[in-house]
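*Asks:* Generate coordinates for the sequence data below:
(one chain, ligands or ions: 1)
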Amino acid sequence: MPFRAITPIATPRLTLRPVAAADLEDLLEINGDPEVTRFLPYSTWQSVDDGAAWLARMEALAATGTGRQLVLVRNADTKVVGTLLLFRYDEGSGRIELGYVLGRSHWGQGLMREAIGAACAHAFGALKLRRIEAEVNPANVASNQLLLGAGFVLEGTLRKRWVDKGTAYDTNIYGYLADDWRSRADRR
Ligand SMILES: CC(C)(COP(=O)(O)OP(=O)(O)OC[C@H]1O[C@@H](n2cnc3c(N)ncnc32)[C@H](O)[C@@H]1OP(=O)(O)O)[C@@H](O)C(=O)NCCC(=O)NCCS
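*Replies:* Take a look at the predicted model:
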């Protein structure tokens, strides 16, 4: 069965919902910033055309049934402030991978922790998945810290796994199990 569409997920400050073409203007503001795309596997957007090409890739991903691209909408004013991708869905193993991006002016306010917490609760709860994975460049301090704080476990480092923007780099592999999530919820 393909990875199913995700209905909007509400958090105190955000709503996570499927991406739409009308989001591209806000998304250009986010992905047009080289500080934001520094550790991302795509180039800094130069125009709405780059956004349209990205959206076509995300729509193709949804069509394969292996992923869903969500956006983070700020509840206060409905501005799109970031993205959250669920991809590489493996139905047999109940596993998905997570990717995320937040506009620079919104960093450091706990917004992505809020979004990831809700996305993981949805994945382990409603979707009954077993494992969520994430790959992070060790130099991306904020992203590594974010995952550890959200309950993910650093399971290892793969050396020079990827080449991007002309440079080979290591990858930290993070895993979060449904059992980890349940014990964390019990502790609260
Ligand atoms: C990574 C990113 C999503 C973090 O989002 P954020 O909303 O600023 O993170 P939060 O405010 O929720 O903070 C989460 C944790 O990370 C820590 N953190 C955030 N930015 C940090 C930084 N620059 N340096 C060190 N720690 C940082 C916070 O202190 C917090 O730690 P805690 O849980 O121990 O309190 C954001 O920096 C971003 O979009 N970066 C560019 C895109 C990117 O690299 N995506 C990830 C690719 S793997």
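
*Asks:* For Pro138, give its distance to the ligand.
*Replies:* For Pro138, the distance to the ligand under the criterion C-beta to the nearest ligand atom, to the nearest Å works out to 11 Å. Yep, even glycine has a C-beta here, placed from its N, CA and C like the rest.

*Asks:* Can you pull the phi and psi angles for that residue?
*Replies:* Note on Pro138: its backbone torsions stand at phi -60, psi -20 [degrees, to the nearest 10].

*Asks:* Just give the number of residues close to it.
*Replies:* Counted with other C-beta atoms under 10 Å, the burial measure for Pro138 works out to 13 neighbours.

*Asks:* and it, what does it touch?
*Replies:* Asn144, Thr157, Asp170, Thr171, Asn172 (C-beta atoms under 8 Å, 6 or more residues apart in numbering).

*Asks:* Which of the residues you listed has the largest number of neighbours?
*Replies:* Using other C-beta under 10 Å as the neighbour test, those are led by Asn172, with 21 neighbours.

*Asks:* buried set for stretch 110-122?
*Replies:* Along stretch 110-122, these residues count as buried under the neighbour rule (16 or more other C-beta atoms under 10 Å): Leu111, Met112, Glu114, Ala115, Ile116, Gly117, Ala118, Ala119, Cys120, His122.

*Asks:* Return the closest of those with respect to Arg57.
*Replies:* Minimum distance to Arg57 across the buried residues of stretch 110-122 is 20.1 Å, recorded for Ala119 (C-beta to C-beta).

*Asks:* show me what contacts that closest one?
*Replies:* When contacts are counted by C-beta under 8 Å, 6+ apart, Ala119 touches Ile9, Leu16, Leu70, Leu84, Leu86, Leu98.

*Asks:* Now do the same for the fifth one: its pLDDT.
*Replies:* Spelled out, it's Leu86. We have a pLDDT of 97 for Leu86.

*Asks:* could you dump the host helix or strand of Leu146 to CSV, C-alpha only?
*Replies:* With the criterion set as DSSP states H and E, the secondary-structure element containing Leu146 is helix 141-150. Extracted in CSV, the C-alpha atoms of helix 141-150 (Å, rounded to 0.1, in the frame of the first residue of the first chain):
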residue,chain,number,x,y,z
VAL,A,141,25.1,21.5,14.7
ALA,A,142,21.5,22.8,14.9
SER,A,143,20.1,19.8,13.1
ASN,A,144,22.0,17.2,15.2
GLN,A,145,21.0,19.0,18.4
LEU,A,146,17.4,19.1,17.2
LEU,A,147,17.1,15.4,16.6
LEU,A,148,18.8,14.4,19.9
GLY,A,149,16.3,16.7,21.8
ALA,A,150,13.4,15.2,19.9
